[in-house]
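In: Build me a structure from this.
(chains A, B and C)
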Amino acid sequence: MARLLRAHAVGRRITAVERLDARLPDCEDLAGVPIVGASRRAKILILDLGAEALLLHPRMTGQLRVGEGARSPRIRFHLEGAEPVVFDDPRRFGTVERIPLAQLPAALAHLGPEPWPQPLAAAVLADCFSGARGPIKPALLDQHRVAGVGNIGASEGLFRAGISPERLVPTLSLGEWAALAAGIWAWVEATLAEAGADPITLLHAGGENSFLVYDRAGEACFTCETRVVRSRQAGRSTYFCPRCQGGE
DNA sequence: TAACATGTTTGTCG
DNA sequence: ACGACAAACATGTT
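Out: As a prediction, the model looks like this:
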């Protein structure tokens, strides 16, 4: 989505903002403001508007679309010389926030380091989990430790690393932290490779995607044919191959 | 119908 | 103070 914004919106001027959901902030006064840049931190999209920053978080079901076709549009940014960018979000968990540009670092300060585009060094990743005692998978969802890994990414990263989601954090070796850093990185790469074909279309559970274990309970592991298991950790579904991710 | 859902924060409890 | 976890957000899908 950051790529989409860079390709489509950066360098253009906002001509009008149509807010269709009153829970989002009023953006009428952004008419005439140029979009200077677009970036991303964790899963937060950041539009640089010069004096302020616009933060968009898609959460569960939010998507960015260009032009018409949105099913549940919440806010529409009209641009000079281009189709509008629409924040389409049926479940309405997504957020839009306006902050002065100077407050941007503070607004993102709670986030742990990025596991992509540079894979985290094993020692750095291990450091992120200092103090954690419980199973690795729920800890991986904590944005303070590592940024941008959600429920799908945690299962997919652990599978690629060959580490059981039940493994207790203090028992992981340096080699396993390295494998996990590589596993998370590979998951992001695989996701972007598919999204790259059409930057507007996101991947969805149950749809066409490259999930190796997520949402595949009872199906054969692509590596060893063992049935993928679904369990529940901290109230969230976890998927794993009990053979490839053996141990505790 | 009931159960479950891709993300993240918040409050509660130990 | 810190870690762990259930609940909450609002709606759609199985």
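
In: A:Phe87: what secondary structure?
Out: Using DSSP: H, G, I helix; E, B strand; the rest coil, the structure places A:Phe87 in strand.

In: wait, A:Gly150 sits on A:Lys43?
Out: Yes - with contacts defined as CB atoms under 8 Å, A:Gly150 counts as touching A:Lys43 at a distance of 7.3 Å. All C-beta atoms are positioned from the backbone trio N, CA, C, and that covers glycine.

In: Let me see the confidence value for the residue in chain A that DNA strand B sits nearest to.
Out: Nearest residue of chain A to DNA strand B: A:Gly150, at 2.1 Å (CB to the nearest atom of the strand). If you check A:Gly150, the pLDDT there is 94.

In: ditto for A:Ala195
Out: pLDDT, read off for A:Ala195, is 70.

In: how many other residues sit next to the residue of chain A closest to DNA strand B?
Out: 16 (other CB atoms under 10 Å).

In: if I pick it, what's in contact with it?
Out: A:Lys43, A:Leu141 (CB atoms under 8 Å, 6 or more residues apart in numbering).

In: Break chain A into its domains for me.
Out: Split into domains by automatic domain parsing, chain A comes to A:2-108, A:122-240.

In: can you redo those as CSV with distance to DNA strand C?
Out: What follows is those, written out as CSV (distance: least, CB to the nearest atom of the strand, whole Å):
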stretch, distance to DNA strand C
domain A:2-108, 4
domain A:122-240, 2
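
In: what does stretch A:72-91 contact?
Out: A:4-5, A:8-9, A:12-21, A:24, A:27, A:30, A:35, A:56, A:58-67, A:70-71, A:92, A:94, A:96.

In: Ignore what I typed, I meant stretch A:214-226.
Out: A:151-152, A:155-156, A:205-206, A:212-213, A:227-230, A:239, A:241-244.

In: Look at A:Leu192 and give its secondary structure.
Out: Here A:Leu192 is recorded as helix under three-state DSSP.

In: any idea how far it lies from A:Arg3?
Out: 8 Å (CB to CB, to the nearest Å).

In: need the residues of chain A near DNA strand B, please.
Out: A:42-44, A:57, A:59-61, A:91, A:93, A:110, A:141-143, A:148-153, A:202-205, A:236-237 (CB under 7 Å from any atom of the strand).

In: coming back round to it: right, and the domains of chain A - which one's nearest A:Glu114?
Out: domain A:122-240 (5.4 Å; CB to CB).

In: First residue to last residue on that closest one, what's the distance there?
Out: Counting by CA to CA, to the nearest Å, you get 22 Å between the two ends of domain A:122-240.

In: Any chance of the backbone angles for the residue lying closest to A:Pro135 once chain neighbours are set aside?
Out: Leaving aside its chain neighbours, A:Pro135 sits nearest to A:Glu166 (5.1 Å; criterion: CB to CB, 6 or more residues apart in numbering). Backbone torsions of A:Glu166, given as degrees, to the nearest 10, read phi -80, psi -10.

In: Run through the strands of chain A in chain order.
Out: Taking DSSP state E to define them, one finds strands in chain A at A:14-19, A:37-41, A:44-48, A:52-57, A:63-66, A:73-79, A:82-88, A:95-100, A:229-233, A:236-240.
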